[in-house]
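Peer 1: Predicted model and sequence below, questions to follow.
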Amino acid sequence: MSRFDEEDAFEAAVAPAGGSLTQRAMAARPMPYLDGLNPAQREAVETLDGPVLMLAGAGTGKTKALTCRIAHLLNTGRARPNEILAVTFTNKAAREMKERVGSLMGTSVAGMPWLGTFHSVCVKQLRRHAELVGLKSNFTILDTDDVLRLFKQIMKAEGIDDKRHPPRVLMGRIDAWKNQALSPAKVIGREEDELWSDRLYSQDEMGTEHQAYEFKRRNPESGAIGRRIVTLKELYRQYQDRLRALNACDFGDLLLHMVTIFQKHPDLLEQYQRWYKYILVDEYQDTNVAQYLWLRLLGAAHKNVCCVGDDDQSIYGWRGAEVGNILRFEKDFPGAKVVRLEQNYRSTPHILAAASGVIAGNTNRLGKDLWTAEPEGELVRLIGHWDYEDEARWIGEEIEAMASGSRAKLRQFSLEDMAILVRASHQMRAFEDRFLKIGLAYRVIGGPKFYERLECRDAIAYFRVVIQPEDDLAFERIINTPKRGVGPKALLDIQTMARANGVSLKEGARLAIQEGLLKGKAKGAVAELVTQLDTWSSLAEQQIRYPGIEDDEAVVESVDYVPAEISHVELAERILDESGYTAMWQNDKTPEAPGRLENLKELVKGLDEHDNLNGFLENVALSVDNDSNEFDPKVTIMTLHGAKGLEFPVVFLPGWEEGLFPSQRSMDESGLSGLEEERRLAYVGITRAEELCTISFASNRPVFGQWQSQLPSRFIDEMPHEHVDVMTPQAVGSGFGTSRAGAASFDDRVSDADVYNSPGWKRLQNRQNRAPSAKPITLDMQAAPVFTVGERVFHVKFGYGEVMQSDGANLTVEFDHAGSKTLKAQYVKPAAQADDAPF
DNA sequence: GGACCTCAAGTTTTT
DNA sequence: CTTGAGGTCC
């Protein structure tokens, strides 16, 4: 701080009278926010010209720096609010930033910067220029569910076997292309993207574009000449065509379309470039290629791009994030100023050291040395358990003890202060079960989303058709929900009619009725539905307004529109009631029905927060609102991914076992880079903790229903030992003992030198050898005894029991006290031998 | 249109 | 093992 006071004084002394623009502005306005910054932060805030890369380690106050930078831009008169573009990845981050800028600036500045997620900013842009990519301004944003259904339709039409080629996987590849800003035309076809079609194609259909396969006449009469290979690229093109026809786009399109537009219309791009004088980006390490291109295009003129990120916290590689973007920043933006924020204000030195030790195992880092002025605090605690239930039980007890303040050496914590961060969501169940049992209040974050529930999706589909009558996907969803006697036959007729006339399904339905294609019950039902939809649509139209880029206060005021007859909330209620959707659940006798009605009520109530149905739909599409504003203190259970950006005084990190964390799948699919991403995840996990971090693992865990021995995660041994408190050497010892015995046979996946030759593994063995108190458990691996049904057996954890079923290797045992379990025969021994067991 | 059966898969998921 | 999706059979 003092150093900078001096520099200020120096600057003031040498500055010519009148000074720079900055200094004059500084003189004009007090800037108290600068005082709270450390030197690095201050540099990042005050370097306003040219590109800046802020490498901000975990807990180094990057949000503070970002918000102060915005305040500084405004305060120094460098930019008016709407000349600043600030993008984040999550709504939550955007909201937080808005709030903080707001409180920094007070009411002194009119208007806010363009501040939002990549997607929300792109939507705004795209609504203005939709026609340039063949969409209308009121296009629908499809969620993954719709996308998949749409894609399946296309696959089916092309006769692609969805068993051999799972739609999810193919769609995943297309999505990856979009993330790389590759439109269908830009995709370079590869052999593995060639798919078999089971359909027979006519001469015409084969066309010249497609490679004919099996060019033999099978069915001369129909003119079909053979099967063909359909490339994924072709499916991608068709998918995009369908989206355009539906006046819809998916998440990836928001970015892709804008990049396309900017690339094709330099004049327009220039307009935006002039507009956004200063650009700020949060979590830059998570940007994908499309986002990167969008940023680079927008920032090319002024080059005042400030990116904030931490390469060590890049954990979304599997979703297309390119760590390369941040690693390459200085090349992309020549002359960039790189500022490292290395002072951590969050965690104790032990926690920081443990995290640094782990992340040091990664290559290809920009490298930062985090340090802190915090007092030393507790060591990172490590504890091994026999199995995952023990782990959950122990953590539950620890939480209770800490919440009551009875944990020796530790202060009392609120449940709010504590979080359990897991690698995979299925790990959560053990904790939920246990906490339910002992009555510990918890909150799961990241569970099934409210808007993704069946009833919400149905209701939303109604709204969508009302707002956007061309939304065929939504129309298909609701046409027979509730049941109107409109089956596949009637739907097919409508589809045929729609396609023949090149109109939407809703219009197709109208035509089908006029032409007498529909009969009886279906006819009446569809006619009524279409009439109702028309009525609702006209009611809704009175409420529609699309915000554009020029949406300054003044413009908004000047927009006049007819006052709506009824509010959108009332309209929503009417839609759900008149359509019979509410009645459908009221008449439903299943136990879920009341809950679903409750959710519908909730949904309608939530509408109140939006200006109209449109705004609501936009929000549904772009937000995953997981924030619950429950007030009771609760322990948080969430995934490591979900925890990024959060911090807790007390953090538990369970399940640090090879195969689970690092995840076997990550390593199988992405090799070393997969492992490194897992390691970054470990780093993120540890650095969430402010005061106390407890890592644990279980020696036994059921994997797909089979009990398996687990090895402790390699990350455990990457933590410098002097910062780790190994809590129960006995448990660790016995755990490793079985692991080791079991390891020889249990797992061919990791039988490679990899694990057993790693320094970590060797150290673990040494440590175990040095602890004579830990008697190694030897299970007889060579002669796994054969058990007969009805035989009494003994298991180390479950105790005595009776074999109910056996196929030699696997047993189902009814234990006297532990219930029925299925496990490998090698883990139990005849009850008679139990006394020989060394424990 | 619903009940039942078989089969395959089985992480993470800011928008 | 458990779940979900798809197919088949009444």
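Peer 2: Ah, there it is.

Peer 1: Buried residues of stretch A:311-330, list them for me.
Peer 2: Across stretch A:311-330, burial judged by 16 or more other C-beta atoms under 10 Å covers A:311-317, A:320-323, A:325-326, A:329. Yep, even glycine has a C-beta here, placed from its N, CA and C like the rest.

Peer 1: got a list of what the residue in the stretch 201-350 of chain A positioned nearest to DNA strand C touches?
Peer 2: Here the stretch 201-350 of chain A gets closest to DNA strand C at one residue, residue A:235, 16.6 Å apart by C-beta to the nearest atom of the strand. By C-beta atoms under 8 Å, 6 or more residues apart in numbering, the residues touching residue A:235 are A:151, A:154-155, A:158, A:160, A:170, A:174, A:195.

Peer 1: Apply 10 Å and report the result again.
Peer 2: Neighbouring residues of residue A:235 by C-beta atoms under 10 Å, 6 or more residues apart in numbering: A:151, A:154-155, A:157-158, A:160, A:165, A:167, A:170-171, A:173-174, A:184, A:193, A:195.

Peer 1: which element is it on?
Peer 2: If you go by DSSP states H and E, residue A:235 is part of helix A:232-245.

Peer 1: can you tell me the average pLDDT over that helix?
Peer 2: Averaged across helix A:232-245, pLDDT comes to 90.

Peer 1: so how far is it off the chain centroid?
Peer 2: The chain centroid and the centroid of helix A:232-245 are separated by 25 Å under C-alpha atoms, centre = their mean, to the nearest Å.

Peer 1: just the CA coordinates of that helix, formatted as PDB?
Peer 2: What follows is helix A:232-245 as a C-alpha-only set of coordinates in PDB (Å, rounded to 0.1, in the frame of the first residue of the first chain):
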ATOM      1  CA  LEU A 232     -22.700 -36.400 -39.600                       C
ATOM      2  CA  LYS A 233     -21.900 -33.200 -41.300                       C
ATOM      3  CA  GLU A 234     -24.900 -33.700 -43.500                       C
ATOM      4  CA  LEU A 235     -27.100 -34.400 -40.400                       C
ATOM      5  CA  TYR A 236     -25.700 -31.200 -38.900                       C
ATOM      6  CA  ARG A 237     -26.700 -29.200 -42.000                       C
ATOM      7  CA  GLN A 238     -30.200 -30.700 -41.900                       C
ATOM      8  CA  TYR A 239     -30.500 -30.000 -38.200                       C
ATOM      9  CA  GLN A 240     -29.600 -26.400 -38.800                       C
ATOM     10  CA  ASP A 241     -32.100 -26.200 -41.600                       C
ATOM     11  CA  ARG A 242     -34.800 -27.600 -39.300                       C
ATOM     12  CA  LEU A 243     -33.900 -25.100 -36.600                       C
ATOM     13  CA  ARG A 244     -34.200 -22.300 -39.000                       C
ATOM     14  CA  ALA A 245     -37.600 -23.600 -40.200                       C
END
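
Peer 1: Phi first, then psi, for residue A:344.
Peer 2: Residue A:344 has phi and psi values of phi -90, psi 130 when expressed as degrees, to the nearest 10.

Peer 1: how near is residue A:311 to residue A:654?
Peer 2: To residue A:654, residue A:311 is 27 Å away according to C-beta to C-beta, to the nearest Å.

Peer 1: Likewise for residue A:136?
Peer 2: Residue A:136 is 50 Å from residue A:654, by C-beta to C-beta.
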